[in-house]
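Engineer: below: sequence and its predicted model.
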Amino acid sequence: MKSISSNFILLITNFQNINQNKKYKVRCTPLNIKSPNEIVRQNSIYFYINNLKFTSLLLSILLIVFTSSVSAIGQSVQNTISGKSFTAIQPAIDDNDTKDGDVLTVSAGTYTENIIINKSLTINGPNAGTAGTGSRVAEAILSNSSINVISSGAVVINGFHIYQTNNTSVAISLGGNSPVTIQNSKIERVGTDAGQTVRAIVTSSGSGIKNIKDNLFTGSTAGGLFSGHKTWTSGIYINGASSTVNVTGNTFENLRLRSI
């Protein structure tokens, strides 16, 4: 994400992005300017950010004067350590410059990926730090995706919306030797097909301690919660006795047979 800071005059239309190839996030505080230069000519909008000129057709205009920081958002996933940006999560993980201990931040949007985590990483969604039942901002939605954690180092997945409509039997698989934390996420199934055996999180036997905390496990009540269900069969399935799994602060609702 490239950031540009400047004092500037911004004209906003009500019908399209300023530049159709980029989106802009604006954080601002008002700046009082009594006589701004004329910047509207011949049905076009002109404004400048550090001498960069942008134009757009003019339908209706709201003139706002800002002292602002503008971020051009061209990618969806950023490695906050290397500074590199990506359009999806798996390429960010696989990149040669992504090392153990790095932090990936994932912006709001919908991602459909089969994600394999084989490095020690923290992966934060927009709602990192906000419980699954909390007041949440726009989500990074992992739609009909799967997550398979096989790293021998610590992995944290924080602040996502896991959303399943298909019949993938396991949404999140936690390898036995992987120390993993799954937290502050909404984990939801609204199945298309009824009566499927589907589990939100499955842990394997092994030495890696699992921490599953402050998540919301939920699903559809269509078809009831028995043989015709369209929700999770179980929220957390602990597969193997020789495991340490800490389950705290979670909310379970509308699951078929059991929470754990």
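Structural biologist: Thanks, I have the structure now. A quick note: this is a predicted structure, and the numbers were derived from the prediction, not measured. Numbers count the residues shown, from 1 in each chain.
Engineer: check which helix or strand Pro91 maps to.
Structural biologist: helix 89-94 (DSSP states H and E).
Engineer: for that helix, packing partners?
Structural biologist: Judged by 3 or more Cβ pairs under 8 Å, 6 or more residues apart in numbering; DSSP states H and E, helix 89-94 is in contact with strand 77-79, strand 103-106, strand 114-117. From N, CA and C alone the C-beta is placed, and that goes for glycine too.
Engineer: sheet-wise, list the partners of the shortest one with their directions.
Structural biologist: As defined by DSSP bridges, the strand partners of strand 77-79 come to strand 85-86 (antiparallel), strand 103-106 (antiparallel).
Engineer: just checking, next helix/strand downstream of the longest one?
Structural biologist: Going down the chain from strand 103-106, the next helix or strand is strand 109-111, by DSSP H and E.
Engineer: shaky segments in the stretch 151-260 of the chain?
Structural biologist: The model of the stretch 151-260 of the chain has pLDDT under 70 over residues 257-259.
Engineer: give me the neighbour count for Thr181.
Structural biologist: 18 (other Cβ atoms under 10 Å).
Engineer: hmm, I typed the wrong one, I wanted Thr244.
Structural biologist: Using other Cβ under 10 Å, Thr244 has 12 other residues around it.
Engineer: need phi/psi at it.
Structural biologist: phi -110, psi 110 (degrees, to the nearest 10).
Engineer: check the gap between the closest residue to it other than its chain neighbours and Asn158 for me.
Structural biologist: Leaving out its chain neighbours, the residue that sits closest to Thr244 by Cβ to Cβ, 6 or more residues apart in numbering is Ile209, at 4.6 Å. Note on Ile209: its distance to Asn158, by Cβ to Cβ, to the nearest Å, is 16 Å.
Engineer: please apply the same query to Leu104.
Structural biologist: Taking Cβ to Cβ, one finds Leu104 at 10 Å from Asn158.
Engineer: for these two, indicate the residue with more neighbours.
Structural biologist: Neighbours per residue (other Cβ under 10 Å) separate Leu104 from Asn158, with Leu104 holding more: 23 against 20.
Engineer: just confirm that one contacts Ser82, I think it does.
Structural biologist: No. The criterion here is Cβ atoms under 8 Å, and Leu104 misses it with Ser82 at 9.9 Å.
Engineer: give me the common contacts of those two.
Structural biologist: Thr98 (Cβ atoms under 8 Å, 6 or more residues apart in numbering).
Engineer: quick one: the strands in the stretch 151-260 of the chain, in order.
Structural biologist: 155-158, 161-164, 170-174, 180-183, 186-189, 199-204, 210-213, 216-219, 234-239, 245-248, 251-252 (DSSP state E, counting those that start in this stretch).
Engineer: just say which of the ones you listed is most tucked in.
Structural biologist: Ranked by mean neighbour count, the strands of the stretch 151-260 of the chain are led by strand 186-189 with a mean of 25 (mean count of other Cβ atoms under 10 Å).
Engineer: just checking: what are the partner strands of it?
Structural biologist: strand 161-164 (parallel), strand 216-219 (parallel).
Engineer: can you list contacts of that strand?
Structural biologist: 127, 132, 136, 139, 160-165, 171-172, 198, 200-201, 215-220, 230-232, 235.
Engineer: same thing but at 6 Å, please
Structural biologist: The contact list for strand 186-189 (Cβ atoms under 6 Å, 6 or more residues apart in numbering) reads 132, 161-164, 200, 215-219, 231-232.
Engineer: so how far is that strand from its chain's centroid?
Structural biologist: Computed by Cα atoms, centre = their mean, to the nearest Å, the chain-centroid distance of strand 186-189 equals 13 Å.
Engineer: cool, stretch 223-233 as well?
Structural biologist: 27 Å.
Engineer: hmm, who's touching stretch 117-129?
Structural biologist: 100-106, 108, 136-137, 140, 149-151, 153-160, 184.
Engineer: next one: stretch 101-115
Structural biologist: 76-81, 88-90, 92, 120-126, 138, 140-147.
Engineer: hmm, 8 Å instead?
Structural biologist: With Cβ under 8 Å, 6+ apart, stretch 101-115 has contacts from 73, 76-82, 88-90, 92-93, 98, 119-126, 137-148, 153, 160.
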